[in-house]
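Q: Return atomic coordinates for the entry below.
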Amino acid sequence: MIDNFGLFEAVVYKPEGLIKNMEVLALIETDNPYARPLMKTLFHGPTPSKFHLLYHVQDYGKVVRVVCREEDREVFEFDTSFTRCVRDDMTAYVESTKHIFRSELMFVHFLDFESLYAQYGHRTPPEKLLEKIVRRTDNWIKVLRRQARKDTLFMVIGNHGQNPIPLDYKGKLAEWRKANAPIAIMFQKRDK
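A: Residues are numbered from 1 along each chain as shown. Coordinates of the predicted model:
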């Protein structure tokens, strides 16, 4: 899961690894495109229920790993036995590299843009900061793909982040940004 990454960012910043390996691109239709509501739907389905995807997979004897912030663990009720709580995206990436080969289902949440925007937004234009984070995360996904077992299926889901962020795009880019939608990019690691 990548916060603040959707159709707009994929088109404008053209993350090479994701685009090159993409087999399926899906636009996600949702009433609330922000991270938490979208994640709740992914884990619990479209209606409130006791079902939880990760526990369901684990009940079938599969190795489940979650790499996220502590607040995600609490909100989504991830069991501490399969969750690795991290403080930032770099730590999430490093932790993911440790578990990708041994996991049968791994959920990783990259969400640094908003905290970096709050920290550096006054010095770095948010568009440049977002571009750097998209490219950085794309490079991390390339590494995870190389480390994964053959036939591993990747589903990279982008959402509108935790909160709305004002980005000062002008002209056509501003129009495109208004039409931004959450996406899912899917690909599988295959033999060359």
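Q: List the contacts of the host helix or strand of Lys20.
A: Secondary structure assignment for Lys20, by DSSP states H and E: helix 16-21. Around helix 16-21, the neighbours that count as contacts under CB atoms under 8 Å, 6 or more residues apart in numbering are 10, 138-139, 141-142, 145, 154, 156, 185, 187. Placement of C-beta: from N, CA and C, glycine included.
Q: Test my guess that Phe43 contacts Val75.
A: No: if you go by CB atoms under 8 Å, Phe43 and Val75 don't touch, sitting 10.2 Å apart.
Q: Which one's more surrounded, the two?
A: Higher neighbour count among Phe43 and Val75: Phe43, with 17 against 13, using other CB atoms under 10 Å.
Q: tell me what the host helix or strand of that one is packed against?
A: According to DSSP H and E, Phe43 maps onto helix 35-44. In terms of contacts (3 or more CB pairs under 8 Å, 6 or more residues apart in numbering; DSSP states H and E), helix 35-44 is packed against helix 53-59.
Q: State the mean pLDDT of the helix it packs on.
A: Mean pLDDT, computed over helix 53-59, is 97.
Q: How about stretch 184-192?
A: 91.
Q: Could you give the separation of that stretch from the chain centroid?
A: Put simply, stretch 184-192 sits 16 Å off its chain's centre (CA atoms, centre = their mean, to the nearest Å).
Q: Export the contacts of helix 16-21 to JSON lines and append columns for distance to Thr91 and secondary structure.
A: JSON lines is the format used below for the contacts of helix 16-21 (distance: CB to CB, whole Å; DSSP: H, G, I helix; E, B strand; the rest coil):
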{"residue": "Ala10", "distance to Thr91": "25", "secondary structure": "helix"}
{"residue": "Asp138", "distance to Thr91": "18", "secondary structure": "helix"}
{"residue": "Asn139", "distance to Thr91": "16", "secondary structure": "helix"}
{"residue": "Ile141", "distance to Thr91": "16", "secondary structure": "helix"}
{"residue": "Lys142", "distance to Thr91": "19", "secondary structure": "helix"}
{"residue": "Arg145", "distance to Thr91": "20", "secondary structure": "helix"}
{"residue": "Phe154", "distance to Thr91": "20", "secondary structure": "strand"}
{"residue": "Val156", "distance to Thr91": "19", "secondary structure": "strand"}
{"residue": "Ile185", "distance to Thr91": "23", "secondary structure": "strand"}
{"residue": "Phe187", "distance to Thr91": "25", "secondary structure": "strand"}
